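In: following is a predicted model, sequence given first.
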Amino acid sequence: MRKFKKLSFHATALLLGMSLILCVPGAANAGEDETTYHVPVVVANFFPLKESNINIDVTGDWGKSLAFTRAKTDSLSKEIVKTLENGSKYRFYKNPEAEPSLKYSIVKIFEFLEPLPTVKKAFRKVPYTDYNAIMKKIDARYWVEERGVKEIWIWGYHGGVVHLWESNMAGPFGDVSNSNRDPDDLPVFAHTYTVYHYNYQRGQSEAIEDHIHQIEAVLNFIDDRDNTPKNKWDKLLFWGKFVGSDRTHKIIRPGCGWAHYPPNGERDYDWANPRYVETDLEDWKPDGSGQKKRMNCERWNCNSLDWFTLWMQSIPGKENQLSYQGKPLTNWWIFIGDFDAAMKQGLKLINK
């Protein structure tokens, strides 16, 4: 019999506050079509204690009370769910009836009043988070293979004392993530799962940025950027035509941009740039025929979180009705919501 740590009252309350969806991976509930992808999540909180506070000697930059830290991470987890679901509503800014392509549910919360497990790496001064140890501690195989969990969210710390990956993936189709893609730093199970490592010293925007970079990594993989000569990146459907970039990662054509660069961005993290550009962000079409608008950072309130939401809502999603060279685009959210099904079907960004 598996023995798991009993949830504290606050964690139980959070679970009860969430809509729990325990289902076959990728399946839709009654009334939802096959392009609604369910993403069950397990959360693992690491709160090393010194009396009633988080031990700043361990975290490097966080020493607030356990109660405050619990409340913050619980609140942020709820907001992350809302933002990711809202972000998967295709062009919600034009169509308030748009349905999300992703439905998240937190199905289990673990709490550990101890430091993150770490492992030494010869090429780093500080140790790496030991993701293998964490997966063993929470019996991740059970949750992934028997309960259909697709994402594991770790709330921890950074503080210059531990190295972490914002996202990390493992599964039968390999590691496609915003990491060094070490094949041995996560256990491989029968189904793909993605680990997100959040820092409770930061906020919701930084947590969502982890997901944005994972989306970029996956869509670049599907679009075969890794096997494309860098001088041809500007011709790729996602990176060249949707993002509007090339090998420099800068915006060469004001398209939909990427995490660090909105359409008018001139440098990394340029979310508050007041410079105006003509961009087809709100009407992007693969052939470049979308209507362009004069736009600057005021469109996303000059902040990163609103930019991330706008960017996600511009990704071709449910009922996007877009085509390229006479072929319809898929719902790109399947690559996030049901990576294994997409791989098994050989899906690409264009529905061939």
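Out: Nice, thanks for sending it over. Worth saying up front: this structure is predicted, and the values here are computed from it rather than measured.
In: how far does stretch 75-93 sit from the chain's center?
Out: Put simply, stretch 75-93 sits 11 Å off its chain's centre (C-alpha atoms, centre = their mean, to the nearest Å).
In: again, but for stretch 121-133
Out: Stretch 121-133 sits 22 Å away from the centroid of its parent chain (C-alpha atoms, centre = their mean).
In: how about residues contacting that stretch?
Out: 116-120, 154, 156, 160-165, 168, 184-187, 195, 197 (C-beta atoms under 8 Å, 6 or more residues apart in numbering). All C-beta spots, glycine's among them, are computed from the backbone N, C-alpha and C.
In: in this protein, which helix is the longest?
Out: Counting by DSSP state H, the longest helix found in the chain is helix 66-87.
In: quick one: list the elements packing against that helix.
Out: helix 9-17, strand 37-46, strand 53-54, strand 102-112, strand 151-156, helix 204-222, helix 304-313 (3 or more C-beta pairs under 8 Å, 6 or more residues apart in numbering; DSSP states H and E).
In: pull out the buried positions in it.
Out: 66, 69-70, 73-74, 76-77, 80-81, 83-85, 87 (16 or more other C-beta atoms under 10 Å).
In: how about stretch 50-65?
Out: So, applying 16+ other C-beta under 10 Å, buried residues of stretch 50-65: Asn53, Ile54, Asn55, Ile56, Val58, Thr59, Trp62.
In: reformat those residues as a markdown table; add distance to Pro229.
Out: What follows is these, written out as a markdown table (distance: C-beta to C-beta, whole Å):
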| residue | distance to Pro229 |
| --- | --- |
| Asn53 | 53 |
| Ile54 | 48 |
| Asn55 | 49 |
| Ile56 | 48 |
| Val58 | 46 |
| Thr59 | 43 |
| Trp62 | 44 |
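In: could you export those residues as CSV, including distance to Glu216 and pLDDT?
Out: Formatted as CSV, the buried residues of stretch 50-65 follow (distance: C-beta to C-beta, whole Å; pLDDT from 0 to 100):
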residue, distance to Glu216, pLDDT
Asn53, 37, 98
Ile54, 32, 98
Asn55, 35, 98
Ile56, 33, 98
Val58, 32, 97
Thr59, 28, 97
Trp62, 28, 98
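In: can you list contacts of stretch 151-163?
Out: 39-46, 58-62, 73, 77, 80, 116, 118, 121, 124, 126-129, 134-135, 138, 140, 143, 164, 193-201.
In: hang on, the earlier thing: got a quick PyMOL command for the buried subset of the contacts of stretch 121-133?
Out: Buried residues within the contacts of stretch 121-133, by 16+ other C-beta under 10 Å, are selected in PyMOL with:
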select buried, resi 116+117+118+154+156+161+162+163+164+165+168+185+186+195+197
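In: just the ones of the contacts of stretch 121-133 in strands?
Out: Among those, the members falling in strands (DSSP state E) are Thr118, Val119, Ile154, Gly156, Asn168, Val195, His197.
In: from Asp184, how far off is the fourth one?
Out: Separation of Gly156 from Asp184 (C-beta to C-beta, to the nearest Å) stands at 21 Å.
In: likewise the second one?
Out: Here the criterion is C-beta to C-beta. By it, Val119 lies 11 Å from Asp184.
In: run through the strands of the stretch 201-350 of the chain in chain order.
Out: 277-279, 293-295, 323-324, 327-328 (DSSP state E, counting those that start in this stretch).
In: avg pLDDT for the first one?
Out: Same thing as strand 277-279. Mean pLDDT, strand 277-279: 98.
In: sketch out the low-pLDDT regions of the chain for me.
Out: By pLDDT under 70, the weakly predicted segments of the chain are 1-34.
In: who touches the longest helix of the chain?
Out: Here helix 66-87 has contacts from 8, 10-11, 14, 17-18, 41, 43, 45, 47, 49, 52-54, 62, 92, 100, 102-106, 111, 113, 153, 155, 198, 200, 203-204, 207-208, 211, 305, 308-309, 311-313, using C-beta under 8 Å, 6+ apart.
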